[in-house]
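J.: got a predicted structure plus its sequence, pasted below:
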Amino acid sequence: MQRVPNSAAMCPTILIPALLGLLSRTIAQPSNQVYLLDTTQYERNLGWQATPSSGWEVLQAPIDQVTTVPAYQVCNVMKANQNNWLKTFWIPRHEARRVFVELTFTLRDCGSMQKVPVTCKETFHLFYHETDEAKSGPIDESKFIKVDTIAADTNFDRTDVAGRVLKLNTKVRELPVLSARGFYLAFQDVGACVAIVTVRAYYKRCSKTVFKLAVFPATVAGEASSSLLEVPGTCVDGARTEENPRMHCSGDGEWVVPIGRCTCSAGYEETTETYCQACDPGQFKAELGELGCAACPAHSFSNAKASTSCKCRDGYYRAKGDNSSQPCTHPPTAPQNLISSVNETSVILEWNPPQNSGGREDVTYQVLCQQCSASSCEPCGRALHFLPRQDRLKAPTVTITRLKAHSNYSFTVEAHNGVSSLAKSFLPFSTSVNITTNQAAPSQIGAVSTEILSKDSVSLSWIDPDHPNGIILEYEIKYYVKTLREKRFFIVRTKTSSITLSHLKADTVYSFEIRARTAAGYGRYSEPVDINMAMPVENSASHVAVFAVCAATILAIAIGIFVCIRRRRTKRMATYKDEEEQNPINGEVQVKRASKRIYVDPFTYEDPSRAVQEFAREIDAAWISIEKVIGSGESGEVCRGRLRIPNEPEVAVAIKTLKAGYSEKQRRDFLSEASIMGQFEHPNIIRLEGVVTKSKPVMIITEHMENGSLDSFLKKNDGQFTVIQLLGMLRGIAAGMKYLSDMNYIHRDLAARNVLVNGNLMCKVSDFGLSRGLEDDPQAVYTTHGGKIPIRWTAPEAIAFRKFTSASDVWSFGIVMWEVMSYGERPYWDINNQDVIQSIEEGYRLPAPMDCPIALHQLMLDCWQKDRAERPSFMELLAYLDKLLQTPAALKAPPGTPQGPTGSLLERKPPEYTMFCSVSEWLEAIKMGRYKENFTNAGYVAWTSVAQMTLEDLQRVGVTLAGHQKRILTSIQALRAQLANVVQA
């Protein structure tokens, strides 16, 4: 270390040699500081001006073996009245207004030096002078403005000198706001022993940065420490603004308070928050947003980078309503297995869907018709009637009426979907069938013989048709009072060519018409035969005898029917069990296991969080994005969203949130539902993805079911499904309930509204808010604590005693079957709850929905047995539904014809009409006695006339309440069936 000799004798050593170790350590420059002066960057004399020459002296302090930096020291402590000045060179201000000066120095303790006068100081002064240009000449002290007096926090003494310990101080002072183009700094010593090691002058600036895909330029900090400068940002390449991006530069040179952001444009994806990368070929991004690039959907491609959509390959198309993320599709293939059923001048066409739907769900059908002669075929024209319509058919069936008799027709069924119209060179795939009307229907019956037996009975006989065209299955007799033909008529059927009709009105002219039926349908009615029932009674005794014989016969038949039903019931239950053991389900053999998984009631945990931790996985709220609110309830909202778990495919989910301000009970019930769902793993039970409990709002995440609740879905698609499709839905629900039952678990709220449907028509049981478990005991029950009970879906023992078993769930399943077959109709319609309870206790049950196969309605009736021990189990229900799916012919049995593997299922029916002497007694028995006079005044006093009453007839006689109409019509339906059985017998 070299030192100017004129101060050597005046001052003890100041430990400048110890700077070597200090300065060799480089100090990183903060990113928010811009240096105007930094003496550590100079290797030689700075050329600063010192006055007087005996004052400040420069040293070259080595920082490594080669490089030195300048430093200044002064130690004239032996003389009083020191005034030593050191002035820097002129420092350009550039864009700075607010400048900081950082000094690194060491200062000796006056008390540690011997024989030093009292004039020794332990401070020095910092000055500045601003000017627009550099000026030479001596230092003009009057122009310099004092900034501050600088004192050391730690002084060094002789001990430090001996031990070569350097105590370095760093001070930062802020200059007043500058306006000139540059400035000088000056240091005044008035008698201290001090060494200035480094001097830095700098200003603060917010560095150029990229935040949320927006570029913010370097910005000089404001003139005050509290200033905030708003700076607009610019989106990076490939990004667009959602809200103009802005940030604020603070007085300390830090970026704060970001507002707005940029988002990667269509065709670009965000790699970090600083860069948007173009989608690679084979990928696309359709719109502005945070989602990344996606692979082109099936049957599409992109060749360029930054593609916003993928083009369809040859032969594939996108419909107008399709979005770019959906696969390209093609027109469907032809419908399969077209069959026809001809009946007189009408035909029913049925077919199976195309083998290939083109990848779409919107397949519809169009039926084309041609009437053919021996030489040519011509379009049928508009005279025909297509039910439900001729084109845009969703269900694979159509009925065509108003065909010409004994004519040849050709029907073609075309399959279309949403892209058929885009395939301009494409001819729709189709299949055809040729039919001839009346081809197999029997011919008209000829002569009819009549014999009046009494004043109210007549015997009819006839000869078989000349051209039966097959086996005669039955004859249909239509008769009516001649003057009332268009208003009221009666229908009876028999399998023989004769019949006796009774309960006719005396002194009345009746007309009779008869027709035959084969497997192909009905023939034409015979010409009307008129009979005047005015014959006097000649032998009343013989008629009394005949009546007695008939009554005995009816009684014997009733007893036989009862015995037969009981035997069939026993046989059916055995059949249920045989089917469960013998029939594999979905190709798999069901093996009974020695042990099974048992449901654990989360209410047994003191802390519901423990049950949640055990049965449900915790999901980070950051992995969830909410797209839309799809429902709300007492506890919160239900939303649709996406779940993006790292290293797992993104999935659509339903998100159930717990509203703010919840009570502890609401939170416990909410989390307990998740603990329940988390224990189940079955394709027909809604799947729990996880829960969010470590942040608010608390959420339950489940799989998303595209078609929503089953009841709403059926109402929107009324009449659009085949019986087999509806049966498949019921089979899925039964499978889910069997799984729950096997786990000793009861649902308590099974209803179509609590069954969800996905895009593949798979039904899944959900909503476990009322559910509770059973003990490991087949006779176990659960008693509620005053909660609401869904009356129309609940078994009578559960309503009366609030006790639930798996058998009560079976009752609810029967109601769900009825809801499905009626396309979401409300059970018991608008009858109030009290009347529903009373009717069930009296033995009444819901009638079969329109077009419901008798086998399914009989299965419903079995589920509604009053004795819960008589109801089938879910195991038996599942086996029976599988059997029906394997033998669909059993579903086509006409009402009253027991078919299928179980035979006749027990049904609790209204009282037999033979138990009553009059219509008035019957009305009293069904609790409708208030209408006795209405029926009598309107002339409905005979069973035959009552059996033919319709809803309009009831309204005409004054039955206006919907609940009363339903009750009477249900009883009339049974009455009509009983009359038909007696006539046939």
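T.: Perfect, I can see it now.
J.: what mean pLDDT does stretch 183-196 have?
T.: Taken as a whole, stretch 183-196 carries a mean pLDDT of 95.
J.: for stretch 834-852, same thing?
T.: Rounded mean pLDDT across stretch 834-852 is 90.
J.: what count of nearby residues applies to residue 315?
T.: A count of neighbours around residue 315, defined by other Cβ atoms under 10 Å, yields 12. For glycine as for every other residue, the C-beta is placed from the backbone atoms N, C-alpha and C.
J.: next up, the contacts around it.
T.: Shown in contact with residue 315 (Cβ atoms under 8 Å, 6 or more residues apart in numbering): 330, 423.
J.: one more time with 7 Å
T.: The contact partners of residue 315, by Cβ atoms under 7 Å, 6 or more residues apart in numbering, come to residue 330.
J.: I figured residue 407 hits residue 371, correct?
T.: Yes: the pair residue 407 / residue 371 is scored as a contact, 6.2 Å apart, by Cβ atoms under 7 Å.
J.: which one of the two is surrounded by more residues?
T.: residue 371 (18 against 15).
J.: can you tell me the SS state at the more buried one?
T.: strand (DSSP: H, G, I helix; E, B strand; the rest coil).
J.: repeat for residue 731
T.: Residue 731 - assigned by three-state DSSP - is helix.
J.: so which residue is dead centre in this protein?
T.: By Cα atoms, centre = their mean, the chain has its centre lying nearest to residue 704, at 3.1 Å.
J.: which SS class is residue 945?
T.: helix.
J.: tell me how far it lies from residue 976.
T.: 12 Å (Cβ to Cβ, to the nearest Å).
J.: ok, now residue 453?
T.: For residue 453 relative to residue 976 (Cβ to Cβ), the value is 24 Å.
J.: same check on residue 272?
T.: 77 Å.
J.: so which of the two has more stuff around it?
T.: Between residue 272 and residue 976, residue 976 has the larger neighbour count (other Cβ under 10 Å), namely 18 against 9.
J.: you'd agree the more buried one is up against residue 946?
T.: No: in terms of Cβ under 7 Å, residue 976 does not count as a neighbour of residue 946; the distance is 9.1 Å.
J.: check contacts around residue 814.
T.: Contacts of residue 814 (Cβ under 7 Å, 6+ apart): 860, 863-864.
J.: also residue 55?
T.: Residue 55 touches 74, 76, 84, 189, counting by Cβ under 7 Å, 6+ apart.
J.: helix/strand/coil for residue 673?
T.: Residue 673 - assigned by three-state DSSP - is helix.
J.: pLDDT score assigned to it?
T.: pLDDT, read off for residue 673, is 87.
J.: wait, it touches residue 766, no?
T.: No: if you go by Cβ under 7 Å, residue 673 and residue 766 don't touch, sitting 10.1 Å apart.
J.: correct me, but residue 181 touches residue 93?
T.: Yes: using Cβ under 7 Å, residue 181 is in contact with residue 93, at 6.0 Å.
J.: more neighbours, those two?
T.: residue 93 (18 against 14).
J.: confirm for me that that one is in contact with residue 175.
T.: No: using Cβ under 7 Å, residue 93 is not in contact with residue 175; the gap is 10.0 Å.
J.: so what's residue 448 up against?
T.: Residue 448 neighbours (Cβ under 7 Å, 6+ apart): 460, 462, 512, 514, 526, 529.
J.: return the backbone torsion pair for it.
T.: The phi/psi pair for residue 448 (degrees, to the nearest 10) reads phi -120, psi 130.
J.: repeat that for residue 975.
T.: Dihedral pair for residue 975: phi -60, psi -40, per degrees, to the nearest 10.
J.: so how far is residue 857 from it?
T.: From residue 975 to residue 857 the distance is 17 Å (Cβ to Cβ).
J.: what do you get for residue 204?
T.: Taken as Cβ to Cβ, the span from residue 204 to residue 857 is 85 Å.
J.: which residues does residue 215 contact?
T.: Per Cβ under 7 Å, 6+ apart, neighbours of residue 215: 233-234, 236.
J.: please disregard the earlier target; I meant residue 187.
T.: Going by Cβ under 7 Å, 6+ apart, residue 187 touches 86, 124, 126, 196.
J.: low-confidence ranges in the stretch 451-600 of the chain?
T.: Counting by pLDDT under 70, the stretch 451-600 of the chain contains low-confidence ranges at 469, 485-487, 519-521, 535-597.
J.: what helix or strand is residue 836 located in?
T.: Using DSSP states H and E, residue 836 maps to helix 833-841.
J.: and for residue 409?
T.: strand 408-416.
J.: each with direction, which strands does that strand pair with?
T.: strand 364-372 (antiparallel), strand 430-436 (antiparallel) (DSSP bridges).
J.: any chance of CSV for those, columns mean pLDDT?
T.: Converted to CSV, the strands paired with strand 408-416 look like this (pLDDT from 0 to 100):
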stretch, mean pLDDT
strand 364-372, 93
strand 430-436, 87
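J.: give the buried residues for stretch 604-613.
T.: Of the residues in stretch 604-613, 605, 608, 611-613 count as buried by neighbour count, 16 or more other Cβ atoms under 10 Å.
J.: and if you look at stretch 269-289?
T.: Neighbour-count burial for stretch 269-289 [16+ other Cβ under 10 Å]: 269-270, 275-279, 283-286, 288.
J.: stretch 503-516: end-to-end distance?
T.: This stretch, stretch 503-516, spans 24 Å end to end (Cα to Cα, to the nearest Å).
J.: can you list contacts of it?
T.: By Cβ under 7 Å, 6+ apart, stretch 503-516 touches 442, 445, 448, 455-458, 460, 462, 465, 468, 472, 475-482, 485, 522-526, 528-534, 942-944.
J.: in PyMOL, how would I select just the buried ones from those residues?
T.: Buried residues among these (16+ other Cβ under 10 Å), as a PyMOL selection:
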select buried, resi 442+445+448+455+456+457+458+460+462+465+472+475+476+477+478+479+480+481+522+523+524+525+526+528+529+531+533+943+944
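J.: quick one: which of the contacts of stretch 503-516 sit in helices?
T.: Residues of those located in helices (DSSP state H): 943-944.
J.: all strands for the stretch 551-700 of the chain, in order.
T.: Under the criterion DSSP state E, counting those that start in this stretch, the stretch 551-700 of the chain contains strands at 624-632, 637-643, 651-657, 688-692, 699-703.
J.: of all the ones you listed, which one is nearest residue 958?
T.: Nearest to residue 958 among the strands of the stretch 551-700 of the chain is strand 624-632 (43.3 Å), distances taken as Cβ to Cβ.
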